[in-house]
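S.K.: Have a look at this prediction, sequence included:
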Amino acid sequence: MNHEGVECCDSVCVHDELLRKVNEQMPQEEELYDLAELFKVFGDSTRIRILFVLFEAEVCVCDLAEALHMTQSAVSHQLKILKQAKLVNGRREGKSVFYSLADAHVRTMIGQGLEHVRE
């Protein structure tokens, strides 16, 4: 059978051993939901651009806005989403708020995604 260009099995044959192994390794539904939500955050090119700036240095909202040719309000909106996803950290210094990557995992995830796109 072929459904919209996707090859399918010609007969139904369930592989119980394989399914048991898959089910043992499958994360809990809540973890899968959280993972899907995390990847949704990466689904916006503006947020990806912000993360690339933060790869280079901890920067304040003013510098981010200037680097990305955006308003501080627009940058702040995206930073809020990134912060809720635990991808960035913010710290206040006087009248400025500086942002940085939350941890090395963020760089790894974006780096591997870019590597995949470039293949």
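M.R.: Right, received. Where do you want to start? Just so it is clear, the structure is predicted and the values come from calculations on it, not from any experiment.

S.K.: Any idea which residue is closest to the centre of the chain?
M.R.: F42 (3.5 Å; C-alpha atoms, centre = their mean).

S.K.: Give me the helices and strands touching the helix ranked longest in the chain, please.
M.R.: In the chain, ranked by residue count with DSSP state H as the criterion, the top helix is helix 104-118. On a contact count with 3 or more C-beta pairs under 8 Å, 6 or more residues apart in numbering; DSSP states H and E, helix 104-118 meets helix 45-56. Just so you know, the C-beta spots here come from the backbone N, C-alpha and C atoms, and that holds for glycine as well.

S.K.: Now do the buried residues in the helix it packs on.
M.R.: Buried residues in helix 45-56, defined by neighbour count with 16 or more other C-beta atoms under 10 Å: R47, R49, I50, L51, L54.

S.K.: Spatially nearest residue to R49, not counting backbone neighbours?
M.R.: Nearest residue to R49, sequence neighbours excluded (C-beta to C-beta, 6 or more residues apart in numbering): L68, at 5.6 Å.

S.K.: actually R91, not the one I wrote
M.R.: F98 (5.5 Å).

S.K.: Please enumerate the helices of this structure.
M.R.: Using DSSP H, the helices assigned to the chain run over residues 16-25, 29-41, 45-56, 61-68, 72-84, 104-118.
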